[in-house]
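Engineer: Here you go, sequence then predicted model.
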Amino acid sequence: MPSGPDPVTEVRLLTMNHPDAPFSIVDGVLDAGHGWGFKWTLDRAHFQFIAGDLTHTDLFLHYALDPRTFHARGPIRITIAINGKTFDTFIESDVGEHVHRRPADSIKSKDVETLNLSLAVDPAWISPEGTKLGVFLGAIGFVPRT
């Protein structure tokens, strides 16, 4: 029997309707963990990933913009920060489903570690109840580069 700690299980990709998703969502995603694949984010959402070497890996977002909310607010800026440092920012100006990828090779880590990822959407869409909403999020995380 080997001695020492058990290896850490990496968490690289979160699918919003997966039952384990809420364990890695710190805050800012509504109704995650069941049901339909896309979940509303608030205008700010925070996630925790556990990952090691990200060479040949991309940051991955699968999200959607609803025509009703897009008509009310127009193009949006999505900003992703990792461990408090801006990693990516881009503007989305079309309704519908989207996939965004960005090479993550610059995130250097020799060991498996926690990566705190924040997602910010500007401008928010203000729901009839007054909630500041961001995007419909299907998945977020790190995937092998194709």
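Structural biologist: Sure, I can see it.
Engineer: any weak-confidence spans in this protein?
Structural biologist: 1-4, 6-7 (pLDDT under 70).
Engineer: Show me the strands in it, by range?
Structural biologist: Assigned strands in the chain, in chain order: 13-15, 25-29, 39-51, 57-65, 76-82, 85-92, 96-103, 113-122, 125-126, 132-144 (criterion: DSSP state E).
Engineer: Is it possible to get CSV of those strands that adds distance to residue 5?
Structural biologist: Glycine gets a C-beta too; all of them are placed from N, C-alpha and C. Shown next, in CSV, are the strands of the chain (distance: least, Cβ to Cβ, whole Å):
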stretch, distance to residue 5
strand 13-15, 24
strand 25-29, 24
strand 39-51, 14
strand 57-65, 24
strand 76-82, 25
strand 85-92, 29
strand 96-103, 31
strand 113-122, 14
strand 125-126, 45
strand 132-144, 23
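Engineer: Dump the ones you listed to JSON lines, plus mean neighbour count.
Structural biologist: Shown next, in JSON lines, are the strands of the chain (neighbours: other Cβ atoms under 10 Å):
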{"stretch": "strand 13-15", "mean neighbour count": "19"}
{"stretch": "strand 25-29", "mean neighbour count": "18"}
{"stretch": "strand 39-51", "mean neighbour count": "20"}
{"stretch": "strand 57-65", "mean neighbour count": "20"}
{"stretch": "strand 76-82", "mean neighbour count": "17"}
{"stretch": "strand 85-92", "mean neighbour count": "13"}
{"stretch": "strand 96-103", "mean neighbour count": "13"}
{"stretch": "strand 113-122", "mean neighbour count": "18"}
{"stretch": "strand 125-126", "mean neighbour count": "18"}
{"stretch": "strand 132-144", "mean neighbour count": "20"}
